[in-house]
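1. model the following, please.
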Amino acid sequence: MIRHSGRASTARRQHLAGLLVGLAIFGGCAALVRQGLVPGERAVFVAINSLPDSLYVVIWPFMQYGVFLTIPVLSVIAAVLRRFRLAVAMAASGVGVYLLARVIKEVARRGRPDALIDPVQDRETFAAGSLGFPSGHAAVAAALTVVVTPHLRGRWRLLPAALLVIVCIGRMYVGAHTPLDLIGGAALGASAGLVANLLSGVSWMDAHRRRTRA
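-> Next up, the predicted model:
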């Protein structure tokens with residue numbers, strides 16, 4: 001009992017430390033967006049945005065990991081598999097951070113890349129005056145990644161993180177977001193996922209031990 005309590009306390013401290021780091025990164029990004037483009041941001045964006053058009057059909061399916069519809073789809077799958085805590089955590093963190101990102105966009109008022117960088121290869125249609133910071137796709141994908149990963153085993157644990165990276169690359173490729181939009185969105189989403197894990201009692205450490213014993 002004492003050993004289990006000690007592991008739980010260590011796991012909570014790790015989650016809280018991760019949450020503080022995530023919020024600090026998001027706060028730093030939020031402060032930087034008011035200064036316009038940060039050094040190196042234009043170069044990274046242009047390098048990815050200028051990749052060949054033929055890659056679109058390859059990247060597009062993976063970008064759907066960050067859309068709102070993915071949240072209920074994965075939550076229903078988890079519920080069908082009787083992973084009810086996982087289903088609730090995905091739904092709460094995904095929907096919560098999606099709505100929060102929309103509110104923050106209105107506060108930050110940072111435009112899409114075509115308002116900051118010239119030229120931009122737009123591969124999707126964006127509403128006039130739509131906003132970029134933080135990226136909702138990156139926020140949703142990061143929240144789902146943090147919540148889902150402890151429930152996977154072996155090399156499958158790398159899949160959500162890989163999808164998150166592809167989402168971020170893809171959003172620059174289609175001209176939707178700059179690097180700072182994506183870093184801020186991912187940090188916000190990861191923070192939401194860590195809160196969901198804390199509230200649902202899911203520990204990355206304990207989940208890893210269970211997978212190792214299995």
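
2. may I see the buried residues of stretch 41-59?
-> 41, 42, 45, 48, 49, 59 (16 or more other Cβ atoms under 10 Å). C-beta coordinates here come from the backbone N, C-alpha and C atoms, glycine included.

3. please identify the helix or strand for the residue nearest the centre of the chain.
-> What sits nearest the mean C-alpha location of the chain, by Cα atoms, centre = their mean, is residue 142, with 2.2 Å. Following DSSP states H and E, the helix or strand that holds residue 142 is helix 136-148.

4. counting by contacts, list what that helix packs against.
-> helix 70-80, helix 84-108, helix 159-173, helix 179-200 (3 or more Cβ pairs under 8 Å, 6 or more residues apart in numbering; DSSP states H and E).

5. any buried residues in the longest one, and which?
-> Residues of helix 84-108 classed as buried under the neighbour-count rule (16+ other Cβ under 10 Å) are 85-98, 100-101, 104-105, 108.

6. same deal with the last one?
-> Buried residues in helix 179-200, counting neighbours by 16+ other Cβ under 10 Å, are found at 179-198, 200.

7. give the buried residues for the lengthiest helix in the chain.
-> Scanning the chain for the longest helix, with DSSP state H as the assignment, gives helix 2-33. Along helix 2-33, these residues count as buried under the neighbour rule (16+ other Cβ under 10 Å): 11, 15, 18, 19, 22, 25, 26, 29, 30, 32, 33.

8. that one to helix 179-200, inter-axis angle?
-> 150 degrees (axes from the mean of the first three to the mean of the last three Cα atoms, to 10 degrees).

9. after helix 2-33, which helix or strand is next?
-> helix 41-49.

10. contacts for that next one, please.
-> Outside helix 41-49, the residues within contact range by Cβ atoms under 8 Å, 6 or more residues apart in numbering are 113, 117, 120, 121, 169, 172, 173, 175, 178, 179, 180.

11. residue contacts, residue 167?
-> Per Cβ under 8 Å, 6+ apart, neighbours of residue 167: 62, 63, 65, 66, 137, 138, 141.

12. and the residue lying closest to residue 129 once chain neighbours are set aside, what are its bridge partners?
-> Spatial nearest neighbour of residue 129, excluding adjacent residues (Cβ to Cβ, 6 or more residues apart in numbering): residue 111 at 7.7 Å. Here residue 111 sits in beta bridges with residue 131, going by DSSP bridges.

13. and the pLDDT for residue 111?
-> Residue 111 is assigned a pLDDT of 94 by the prediction.

14. over to residue 16?
-> Turning to residue 16, the model gives it a pLDDT of 88.

15. same question, residue 119
-> Among the per-residue scores, residue 119 holds a pLDDT of 89.

16. list the contacts of it.
-> Not one residue lies near residue 119 by Cβ under 8 Å, 6+ apart.

17. what kind of secondary structure is it in?
-> coil (DSSP: H, G, I helix; E, B strand; the rest coil).

18. just read off the phi/psi values of it.
-> phi -90, psi 170 (degrees, to the nearest 10).

19. do you know how far it is from residue 49?
-> Distance, residue 119 to residue 49, by Cβ to Cβ, to the nearest Å: 9 Å.
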